[in-house]
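Visitor: here you go, sequence then predicted model.
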Amino acid sequence: MKKYFLFLFCFLLSATIASAQSKPKTPVKNNMQALQKLLTGTGLPFRMVNDSLAAIPYGGENITSYQVVVQKVGDLYIIYTNLTEALPGKIDETKYKYLLQQNDHYDVVKIGMSADDNTVYLRADIYKTATTSAILTRIIKQVANVANIVAGDMK
């Protein structure tokens with residue numbers, strides 16, 4: 001009987017030691033960041049610049065090549081394109097009034113200008129919590145389409 005208790009004690013002791021030394025399971029990390037995951041769902045081609053910035057190549061009837069940028073800032077996704085860069089030499093002081101008036105025609109996309117260097121851009125902001133790939137696709141396309149429309153008006 002003593003041998004049985006000794007065997008049982010040794011078995012329980014070794015089981016306790018073995019379980020104490022086992023490594024806890026670590027959850028598998030999702031390598032795809034939230035912005036990249038959303039953009040993958042859009043079906044649009046994109047290039048991740050970093051975890052919070054992506055560039056989507058676009059071309060249209062009035063602008064042959066430009067980029068729509070999606071940037072994660074705080075709790076927002078900012079979707080924009082640089083019109084000054086997309087339309088080199090076409091935007092000057094004579095166009096500012098026209099650009100300002102265009103803000104009345106677009107509900108989501110707004111036209112703005114940098115105070116530092118007078119760079120003109122199109123921009124739309126959406127909250128991260130309410131963003132799906134379908135919504136992001138729609139906003140990206142709106143920014144791209146407005147850029148093409150404005151470029152056509154400036155010919």
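Guide: Sure thing, it's come through.

Visitor: for this protein, which helix is longest?
Guide: helix 133-153 (DSSP state H).

Visitor: which parts of this protein are helices?
Guide: In the chain, the segments counted as helices under DSSP H are 2-20, 34-42, 83-86, 96-102, 133-153.

Visitor: before we move on, the earlier item: what residues of the longest helix of the chain count as buried?
Guide: Residues of helix 133-153 classed as buried: 136-137, 139-144, 146-151 (neighbour count, 16 or more other C-beta atoms under 10 Å). Where you see a C-beta, it was placed from the backbone N, CA and C, and this is true even at glycine.

Visitor: now those residues in CSV, with distance to Thr64 and pLDDT?
Guide: Shown next, in CSV, are the buried residues of helix 133-153 (distance: C-beta to C-beta, whole Å; pLDDT from 0 to 100):
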residue, distance to Thr64, pLDDT
Leu136, 24, 96
Thr137, 22, 96
Ile139, 23, 96
Ile140, 18, 97
Lys141, 18, 96
Gln142, 20, 95
Val143, 17, 96
Ala144, 13, 95
Val146, 17, 95
Ala147, 12, 95
Asn148, 10, 94
Ile149, 15, 93
Val150, 15, 93
Ala151, 10, 92
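
Visitor: next, format these as a markdown table and append distance to Thr40.
Guide: Formatted as a markdown table, the buried residues of helix 133-153 follow (distance: C-beta to C-beta, whole Å):
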| residue | distance to Thr40 |
| --- | --- |
| Leu136 | 11 |
| Thr137 | 11 |
| Ile139 | 16 |
| Ile140 | 13 |
| Lys141 | 16 |
| Gln142 | 20 |
| Val143 | 19 |
| Ala144 | 18 |
| Val146 | 24 |
| Ala147 | 23 |
| Asn148 | 25 |
| Ile149 | 28 |
| Val150 | 29 |
| Ala151 | 29 |
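
Visitor: nearest to Asn82, of those?
Guide: Of all those, Asn82 sits closest to Ala147, with 9.3 Å by C-beta to C-beta.

Visitor: quick check: chain neighbours aside, which residue is closest to that closest one?
Guide: Leaving aside its sequence neighbours, Ala147 sits nearest to Thr81 (C-beta to C-beta, 6 or more residues apart in numbering; 5.0 Å).

Visitor: now do the contacts for the one you found.
Guide: Tyr58, Tyr66, Gln67, Val68, Val69, Tyr121, Leu122, Val143, Ala144, Ala147 (C-beta atoms under 8 Å, 6 or more residues apart in numbering).
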